[in-house]
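Undergrad: Here is a sequence with its predicted model. Questions after.
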Amino acid sequence: MSACVPTRAADPNRTERTHPPHSPPPTGPRRFRIAGADVSASIAVFLIALPLSLGIALATGAPLQAGLVAAAVGGLVAGRLGGSPLQVSGPAAGLTVVTADLIQRYGWRTTCAITVLAGLAQLGLGCLRVARGALAVSPAIVHGMLAGIGVTIAVAQLHIVLGGTPQSSVPDNLRALPAQLAQMHPAAVSVSVLTLALLLLWPRLPGRAGRVLRKVPAALVAVAGATAAATLAGLRLPKVDLPSWSNHALAGLPEGPVLGLVAAVLTTTLVCSVQSLLGAVAVDKLVAGRPGLSARVGRSRLDRELLGQGAANIVSGSLGGLPIAGVAVRSSANVHAGAVSRNSTMLHGVLVVIAALLMVPALELIPLASLAALVMAVGIQMVSLNHIRTVTRHREVWVYAVTTLGVVSLGVLEGVALGIAMAVGVALHRLTRTRITHEEREGVHHVHVRGQLTFLAVPRLSRVLHRVPHGADAVVELDGSFMDHAAFETLQDWQKTHTAQGGTVEITGRHSGTRISEPQTFTSCRCRPWTPWLNHQCDRPPSASPSGKNPDGTDRSEPDPTGPGGASGHELARGISAFQRNTAPLVRSELARLAREGQRPSQLFLTCADSRLVTSMITSSGPGDLFVVRNVGNLVPRPGEERGDDSVSAAIEYAVDVLQVRSITVCGHSGCGAMQALLNAEPGGARTPLKRWLRHGLPSLERMAEDRLGWGTLAGRSPEDAVEQLCLTNVVQQLEHLRAHDSVARALEKGALELHGMYFHVGEAEAYLLTETDTGGVFDRVRESDLTA
């Protein structure tokens with residue numbers, strides 16, 4: 001392929017630029033495009049952000065322009081650089097209390113400087129890649145912090161709603177509330193009530209018209225409605241005052257005690273970072289709920305989000321804006337409005353800039369009481385009943401309550417510190433709280449240990465264990481997830497002593513069903529409820545050593561002289577005991593219900609008697625789900641050919657006519673001994689019961705031998721050998737035998753029954769479903785839709 005040369009005449013004094021071979025053709029500059037969904041989403045977010053930004057600035061006592069600056073910077077800078085494309089950042093209600101306290105202590109210009117320093121701290125944390133670790137904070141602490149901030153906001157804004165001025169702290173606001181109620185301003189109260197009413201009722205508008213109107217944000221409707229009502233009524237109320245941008249105060253050098261400034265920077269960094277990171281995780285959950293969007297947007301990159309938030313706070317603080325964090329209300333609105341990229345967030349920031357420059361006269365008509373009512377409603381919503389129910393369910397309500405009260409009474413940083421201390425105390429209490437009981441049932445002494453077993457519980461454990469008489473049978477149930485070395489040694493020493501005195505000891509984990517003995521058992525045990533008895537090495541020594549010898553030195557191929565099951569035999573009895581101890585308590589209520597109501601299975605499952613085929617495991621079924629018939633070779637005798645063996649036909653008739661099952665599945669499997677016997681059978685010989693039974697499989701052998709039908713396939717591949725092909729063909733043939741039974745034929749004609757063929761490959765642990773029967777059988781991997789179509 002030759003190089004690309006311009007077609008115009010070459011200039012001898014000018015060096016021609018060529019493209020190397022196999023290079024793509026030159027392209028023009030990329031055109032910047034914004035999806036229509038992003039445009040509409042940005043408008044929706046802007047309509048929410050505008051009144052909230054002004055309201056939060058009012059609540060903090062900052063210049064109202066600061067809220068607009070933070071909203072614009074949050075959209076443009078955090079939106080462009082952040083790691084969560086659809087999260088919308090700006091002035092957040094969660095920062096209101098912190099910012100208000102900073103302004104009161106240090107003034108506005110120093111507060112801006114603190115915001116810049118907090119942004120630098122966030123950049124440092126982002127570079128250290130600790131964002132994921134910040135999520136390790138207990139949710140009870142985070143929700144308690146937000147609830148405390150919400151209470152503080154609501155109580156403070158209530159004074160403005162009533163026409164007064166808030167105090168510096170929640171206790172002061174509560175003490176001043178009776179006097180404020182006695183001197184409330186009727187005009188301010190009426191505007192506030194109208195705002196709250198619109199906020200509450202607008203999302204609940206009924207009918208088709210309501211669905212259309214609800215697309216307009218309730219916050220915008222509430223503030224616009226209250227503003228219009230106040231203007232038309234001619235009410236004299238304090239309103240938004242936006243001084244000229246030329247007089248806007250920017251950040252100055254921080255002034256104040258160094259320790260106080262450091263604490264202020266840490267508090268701002270903590271609240272901004274935690275709220276933004278939790279918001280990014282919440283946005284990921286919202287994105288996952290929109291099909292197809294996850295692949296386009298991707299999961300949030302939390303370290304990059306922290307870097308973006310830090311850059312936004314540096315810019316916002318430098319320009320005289322409020323601290324910035326991810327805002328849940330705006331982010332949720334952005335996702336629900338159909339945003340598909342970060343362009344929606346950035347465009348909303350552009351719209352805020354336009355509004356701040358061109359809509360000042362309209363904004364100055366808004367009554368402060370309306371903004372206060374809006375922010376008060378946001379504060380109330382931060383105390384989430386759902387969060388309270390969640391922490392109560394997880395027994396962390398004390399952590400939540402202490403954090404909330406600490407934030408309300410002392411401040412955000414102090415409240416979070418108290419919450420962390422409480423969380424540590426709760427964790428230690430759970431670790432050290434161990435309940436040990438002893439009871440005798442049917443001559444067996446049961447010692448039940450509930451909770452974590454540490455050295456602190458060793459004295460109580462020792463006292464209870466010594467209540468077990470010498471020579472008695474004992475069962476120690478450990479209902480916990482941790483046992484330290486001191487407790488392990490105490491339990492092991494007692495076990496050895498008790499066993500030496502003629503007693504028996506069984507140490508179990510109640511939920512896991514596994515036994516606890518030597519330390520290495522924990523690391524090597526792989527026992528599960530479906531682990532075969534032969535492979536249970538967690539409670540007894542292996543039946544043979546790695547060298548292939550039995551414990552007594554005999555060859556593994558020779559019978560173990562200790563009898564069935566080896567020296568510690570009785571697998572069946574032990575299995576029944578494990579069921580009674582571990583499984584029976586979990587299924588007893590369900591079995592009692594089935595005993596009362598009778599069985600109502602939906603399927604007849606006809607499969608081979610092979611011990612490797614566990615029907616409940618491969619179908620994930622439970623008691624009462626399957627009516628199972630098992631025989632050698634999963635055979636269905638044709639009607640009239642049973643010759644004294646009517647058990648399969650009787651089961652089919654009972655399942656279809658009495659139980660009225662909706663489907664019948666014939667399931668074959670790999671390595672079937674019956675199919676091998678059919679292939680290897682020689683004519684003549686003694687007519688043993690096995691040979692007489694296998695005659696019902698001869699039609700399958702004949703079907704496979706007919707060239708016109710051809711061999712089947714298994715997930716697109718040919719069978720490995722003749723045995724596997726016969727296993728597949730046998731499933732197809734036995735389904736034909738099923739159709740010949742009168743009860744099955746009647747149900748099929750009525751459309752009340754379906755027949756399915758299935759093949760289970762034991763070595764692959766893979767199930768295949770029969771999809772075509774016109775050949776030796778076409779089997780594909782099972783999909784849920786195959787059985788529900």
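TA: Perfect, I can see it now.

Undergrad: quick one: Ala377 and Leu198 touch, right?
TA: No: when contacts are counted by Cβ atoms under 8 Å, Ala377 is not listed as touching Leu198 (10.4 Å). No exception for glycine: its C-beta is placed from N, CA and C like everyone else's.

Undergrad: and stretch 161-178, which residues are buried?
TA: For stretch 161-178, a neighbour-count test (16 or more other Cβ atoms under 10 Å) marks 161-164, 166-167, 169-170, 173, 177 as buried.

Undergrad: Looking at those residues, which one is closest to Val340?
TA: For these, the residue nearest Val340 by Cβ to Cβ is Val161; the value is 38.9 Å.

Undergrad: Next, the contact list for the closest residue to the closest one other than its chain neighbours, please.
TA: Spatial nearest neighbour of Val161, chain neighbours left out: Ser192 (4.1 Å); criterion: Cβ to Cβ, 6 or more residues apart in numbering. Going by Cβ atoms under 8 Å, 6 or more residues apart in numbering, Ser192 touches 161-162, 226, 369-370, 372-373.

Undergrad: if you set the cut-off to 7 Å instead, what comes out?
TA: 161, 369-370, 372-373 (Cβ atoms under 7 Å, 6 or more residues apart in numbering).

Undergrad: Looking at those, which are in helices?
TA: 161, 369-370, 372-373 (DSSP state H).

Undergrad: what pLDDT does Gly425 get?
TA: Gly425 carries a pLDDT value of 89.

Undergrad: quick one: which helix or strand includes it?
TA: helix 412-432 (DSSP states H and E).

Undergrad: ok, and for that helix, which residues are buried?
TA: Buried residues in helix 412-432 (16+ other Cβ under 10 Å): 412-413, 415-416, 418-420, 422-423, 426, 431.

Undergrad: ditto for stretch 375-389
TA: Residues of stretch 375-389 classed as buried by neighbour count (16+ other Cβ under 10 Å): 375-379, 382-383, 387-388.

Undergrad: Cross those residues against strands and list the overlap.
TA: Among these, none falls in strands (DSSP state E).

Undergrad: Pipe those into a markdown table and attach pLDDT and distance to Thr404 per row.
TA: Below are the buried residues of stretch 375-389 laid out as a markdown table (pLDDT from 0 to 100; distance: Cβ to Cβ, whole Å):
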| residue | pLDDT | distance to Thr404 |
| --- | --- | --- |
| Val375 | 83 | 19 |
| Met376 | 88 | 17 |
| Ala377 | 88 | 19 |
| Val378 | 83 | 17 |
| Gly379 | 84 | 13 |
| Met382 | 81 | 10 |
| Val383 | 87 | 8 |
| His387 | 85 | 10 |
| Ile388 | 90 | 10 |
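
Undergrad: okay, the buried residues of helix 412-432 in CSV with distance to Lys215 next?
TA: Formatted as CSV, those follow (distance: Cβ to Cβ, whole Å):
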residue, distance to Lys215
Val412, 36
Leu413, 40
Gly415, 38
Val416, 38
Leu418, 43
Gly419, 39
Ile420, 42
Met422, 43
Ala423, 42
Val426, 45
Leu431, 52
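
Undergrad: which of these lies closest to Gly712?
TA: Among the buried residues of helix 412-432, and counting by Cβ to Cβ, the member closest to Gly712 is Leu431, at 59.0 Å.

Undergrad: Chain neighbours aside, what residue packs nearest to the closest one?
TA: When the adjacent residues along the chain are set aside, Leu431 lies closest to Gln452, with 5.2 Å between them (Cβ to Cβ, 6+ apart).

Undergrad: wait, doesn't that neighbour sit right on Arg435?
TA: No: assessed by Cβ atoms under 7 Å, Gln452 is found out of contact with Arg435, at 10.8 Å.

Undergrad: okay, the two: which has more neighbours?
TA: Between Gln452 and Arg435, Gln452 has the larger neighbour count (other Cβ atoms under 10 Å), namely 19 against 12.

Undergrad: list the contacts for that one?
TA: 431, 434, 480-482 are the contacts of Gln452 under Cβ under 7 Å, 6+ apart.

Undergrad: for it, phi and psi?
TA: The phi/psi pair for Gln452 (degrees, to the nearest 10) reads phi -80, psi 140.

Undergrad: Any regions of the stretch 101-250 of the chain where pLDDT drops low?
TA: 134-136, 246 (pLDDT under 70).

Undergrad: For Val661, see how far away the nearest residue to Gln660 once chain neighbours are set aside is.
TA: Leaving aside its sequence neighbours, Gln660 sits nearest to Ala752 (Cβ to Cβ, 6+ apart; 7.5 Å). Applying Cβ to Cβ, to the nearest Å, the value for Ala752 to Val661 is 9 Å.
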